[in-house]
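J.: Need coordinates for the following:
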Amino acid sequence: MLSVNLNKIALLRNSRGRDYPSVIEFAEKFIALGVQGITIHPRDDERHITRQDAYDLAELLANKSGVELNIEGYPSADFLKLVHELKPTQCTLVPDSPDQLTSDHGWDLNQHSGFLLNICQALNETNIRSALFLDPDIQQIKQVADTTAQRIELYTELYANTYGSANHQTVFTEYKKAVELAQSLGIAVNAGHDLDLSNLQKFLTIGNILEVSIGHALTIESIEQGMKSVVASYLKICQ
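T.: Next up is the predicted model:
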């Protein structure tokens, strides 16, 4: 499933001080083109997605059958309060600091397993699918069950950065082993970060990746090639 991250649409909107481009209108456009998921990452500083965007999108998607809302972010008290109010389909927990430019590493479950356990349990009990942002690290994946998280989202920057290079196959094999281990343990797998039209197809040959979350590349590709064409290409790859 393709989930479109709307952060960059919100960033463009915020740069001009009015509701243009509209996050809600673009969500509707993506859904009309066949996208089955919308992802947002509301940060405390509201540099892109705002709290109001989150409320508006939750209201919109409540009336869109078959379209999932994925809210990702660091599980601060304010973030979790927002998530439990909005009840998205999925909440992806990310170990970001407030001043971090973008997500750039997965959780260290050696340190944070207990912290995440209570959070994932609370999400699961309210029918919000819990997911953890992780590096393709076998030792980390072995500890996911201790948190009760239902899914992981593999951080795919290393895969994307090495795509086409001499050592890419070695990196790809690491991701494949990570996915296969997670699946053998009953943990479903999502993926995201720097995936694009060039590198996504090979990544999905791993098999049974349930969701890819793509925003930055998709936005740029839409400017270059047209939104309708780009979304159609992504959907074809995902199918």
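J.: Within the helices and strands, which one has the residue nearest the centre of the chain?
T.: By C-alpha atoms, centre = their mean, the chain has its centre lying nearest to S213, at 4.3 Å. In this assignment (DSSP states H and E), S213 forms part of strand 209-214.
J.: most distant residue from the middle of the protein?
T.: Most distant from the centre of the chain: A166, at 27.9 Å, with distances by C-alpha atoms, centre = their mean.
J.: Look at that one and report its pLDDT.
T.: Looking at A166, its pLDDT stands at 97.
J.: Assign a three-state SS to it, would you?
T.: State at A166, reduced to three classes by DSSP: H, G, I helix; E, B strand; the rest coil: coil.
J.: repeat for R47
T.: Per three-state DSSP, R47 ends up coil.
J.: And A191, by the same measure?
T.: strand.
J.: neighbours around it, how many?
T.: As a burial measure, A191 scores 24 neighbours (other C-beta atoms under 10 Å). Glycine gets a C-beta too; all of them are placed from N, C-alpha and C.
J.: hmm, back to that, name the helices or strands packed onto the strand holding S213?
T.: strand 2-5, strand 37-40, strand 68-73, strand 151-155, strand 188-192, helix 200-204 (3 or more C-beta pairs under 8 Å, 6 or more residues apart in numbering; DSSP states H and E).
J.: Go through those and name the closest to F30.
T.: F30 lies closest, by C-beta to C-beta, to one member of the helices and strands packed on strand 209-214: strand 2-5, at 4.9 Å.
J.: now the closest one: mean pLDDT?
T.: Strand 2-5 shows a mean pLDDT of 98.
J.: could you point out which element follows that strand?
T.: Sequence-wise, the next helix or strand downstream of strand 2-5 (DSSP H and E) is helix 7-14.
J.: Show me which residues of whichever helix or strand comes after that following helix are buried.
T.: Per DSSP H and E, the first helix or strand lying C-terminal to helix 7-14 is helix 23-32. Of all the residues in helix 23-32, those buried under the rule 16 or more other C-beta atoms under 10 Å are V23, I24, F26, A27, K29, F30, I31.
J.: Return the distance of V35 relative to W107.
T.: 27 Å (C-beta to C-beta, to the nearest Å).
J.: er, H216 I mean
T.: H216 is 21 Å from W107, by C-beta to C-beta.
J.: who's more crowded, these two?
T.: Counted by other C-beta under 10 Å, H216 and W107 do not tie: W107 has more neighbours, with 25 against 16.
J.: Run through this protein and note the low-pLDDT ranges.
T.: In the predicted model, the chain carries pLDDT under 70 at residues 97-104.
J.: Assign a three-state SS to the residue lying closest to L185 once chain neighbours are set aside, would you?
T.: Distances taken as C-beta to C-beta, 6 or more residues apart in numbering put A145 closest to L185, at 6.3 Å, once the chain neighbours are dropped. Three-state assignment for A145 (three-state DSSP): helix.
J.: A145 reaches A182, doesn't it?
T.: No - counting by C-beta atoms under 8 Å, A145 stays clear of A182, with 10.0 Å between them.
J.: who are the neighbours in contact with the closest residue to L93 other than its chain neighbours?
T.: With sequence-adjacent residues excluded and distances taken as C-beta to C-beta, 6+ apart, L93 is closest to P75, at 5.1 Å. Applying C-beta atoms under 8 Å, 6 or more residues apart in numbering to P75 gives the contacts L93, L116, I119.
J.: now these as JSON lines including distance to L12?
T.: Output for the contacts of P75, formatted as JSON lines (distance: C-beta to C-beta, whole Å):
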{"residue": "L93", "distance to L12": "27"}
{"residue": "L116", "distance to L12": "33"}
{"residue": "I119", "distance to L12": "32"}
